[in-house]
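K.L.:
Compute the structure for the input listed below.
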Amino acid sequence: MLRPAILGLLLACAASLGRGAVILEGGWPILWTQTAGQVADVPSHEGVVTPDPWHFLHRMSLYRLLIAATDPFMGCMGTNATDSPIWGLPLQFGWMLTSGRLADPTGASTCGLETGEKMCVSTHSWWGCVSYFTSALPFLSAAHKGFLGAGVQVQMQVPEGVTDYCTTYADCSARFPDAMTKWDAFFQGLLDAADSPLPDNEKKDALLGLYWQAQMASTYASSACSARQSHYSSEEVSFAKSWESSGEYVAAAHFQSNLEKSALFITPLPGRVLKTGDSAPSIADLSEEENHTLYIFSWINSANNMLGGSLVRMWRSAMCSVTTREKGREMLEQLLLNPGFATSSFLSIISQMTTSC
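P.N.:
Residues are numbered from 1 along each chain as shown. Next up is the predicted model:
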């Protein structure tokens with residue numbers, strides 16, 4: 001386990017790479033210490049656990065409980081308490097809060113505003129909607145698999161009049177069967193790994209594969225949120241689409257989205273919602289790091305679109321072994337974090353890696 005001082009130093013270095021939205025507080029996801037540390041701390045009604053995922057702390061609590069429940073099965077990920085790939089989700093959710101992306105984009109309420117209900121997650125927010133699919137769905141699946149205790153039943157609260165979010169395991173399985181099946185497979189994989197004779201590096205790679213299959217299935221299911229994009233500028237919508245598309249690359253590379261590595265990738269994301277006229281890499285009130293990240297996201301998405309989707313297909317083909325996936329992860333770090341890494345090098349290396357498969 002990393003000592004707190006060492007962990008803090010690593011994360012301070014990560015934060016220094018960019019000046020985007022704040023995602024860390026004392027070395028942990030923001031407001032982490034205010035979240036529920038055990039299932040008994042979550043609201044319940046007649047024996048059913050009833051979290052309110054439209055309150056920031058409640059949804060963040062889902063991640064904290066999920067990490068705590070699965071950590072005993074994550075030994076192959078490493079020796080640190082922050083090596084679970086699930087850590088990337090609360091960091092990402094924290095970025096959505098501090099960058100204003102969980103607020104009501106319609107302006108009809110003060111939900112999520114600094115001057116209003118700060119902890120409110122708007123049901124109209126596209127970002128809040130997408131995040132629901134990577135918080136509520138895996139939590140319901142984990143509960144179904146017994147990770148939260150024998151016989152624990154969960155039903156998500158939902159604001160009155162809102163009907164387009166599933167709230168129970170059965171409901172989500174009926175509406176989004178592929179996503180729930182893949183989350184079930186990931187949690188079952190964790191249970192099976194405990195008795196697996198495979199070496200840790202192979203177990204780790206296999207579990208990360210299952211994890212990212214579930215993550216991407218949730219992303220595909222979140223197409224149900226698309227109508228909410230109409231509340232944003234075309235610049236923000238374009239960024240949102242490229243942000244979603246980036247998942248294809250990290251998923252195929254089996255990226256280990258632990259706390260430290262996720263902080264490196266999330267810290268330089270734009271610290272505010274994009275407005276009409278914003279054009280990276282020349283957005284005056286965003287840092288050089290934020291501008292670079294926006295530019296790279298846009299470039300990757302545009303290149304893939306111009307190639308008719310073949311860039312993603314080439315990348316998936318190149319990520320054909322444990323070795324090439326390791327190289328792929330290193331290349332993604334260079335592309336996103338090193339402004340000197342040429343985009344042309346990215347295309348050239350992918351082509352070479354594809355032929356080696």
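K.L.:
check which helix or strand covers Met180.
P.N.:
helix 177-193 (DSSP states H and E).
K.L.:
That helix: how far from the chain's middle?
P.N.:
17 Å (Cα atoms, centre = their mean, to the nearest Å).
K.L.:
Kindly report the same for stretch 217-233.
P.N.:
Relative to its chain's centre, stretch 217-233 lies at 15 Å (Cα atoms, centre = their mean).
K.L.:
next one: stretch 202-213
P.N.:
Mean-position distance between stretch 202-213 and its chain equals 16 Å (Cα atoms, centre = their mean).
K.L.:
so where do the helices sit in the protein?
P.N.:
Secondary structure of the chain (DSSP state H): helices located at 4-16, 56-70, 88-98, 126-133, 136-144, 169-175, 177-193, 200-221, 234-252, 259-266, 288-306, 310-318, 322-337, 343-356.
K.L.:
would you turn those into TSV with distance to Thr35, mean pLDDT and mean neighbour count?
P.N.:
Placement of C-beta: from N, CA and C, glycine included. Output for the helices of the chain, formatted as TSV (distance: least, Cβ to Cβ, whole Å; pLDDT from 0 to 100; neighbours: other Cβ atoms under 10 Å):
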stretch	distance to Thr35	mean pLDDT	mean neighbour count
helix 4-16	18	36	15
helix 56-70	4	98	22
helix 88-98	9	98	24
helix 126-133	15	98	25
helix 136-144	13	98	25
helix 169-175	22	98	17
helix 177-193	21	97	20
helix 200-221	21	96	20
helix 234-252	25	95	19
helix 259-266	15	94	22
helix 288-306	27	91	19
helix 310-318	35	91	18
helix 322-337	28	87	17
helix 343-356	38	70	14
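K.L.:
closest to Ile23 out of those?
P.N.:
helix 88-98 (4.6 Å; Cβ to Cβ).
K.L.:
Give the other helices and strands that that closest one contacts.
P.N.:
On a contact count with 3 or more Cβ pairs under 8 Å, 6 or more residues apart in numbering; DSSP states H and E, helix 88-98 meets strand 28-29, helix 56-70, helix 126-133, helix 259-266.
K.L.:
could the ones you listed be laid out in a markdown table, adding distance to Trp183?
P.N.:
Shown next, in a markdown table, are the helices and strands packed on helix 88-98 (distance: least, Cβ to Cβ, whole Å):
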| stretch | distance to Trp183 |
| --- | --- |
| strand 28-29 | 21 |
| helix 56-70 | 11 |
| helix 126-133 | 10 |
| helix 259-266 | 19 |
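K.L.:
So for Ala217, which of these sits nearest?
P.N.:
Ala217 lies closest to helix 126-133 among the helices and strands packed on helix 88-98, at 8.9 Å (Cβ to Cβ).
K.L.:
so how far is the closest one from its chain's centroid?
P.N.:
Helix 126-133 has its C-alpha centroid displaced from the chain centroid by 10 Å (Cα atoms, centre = their mean).
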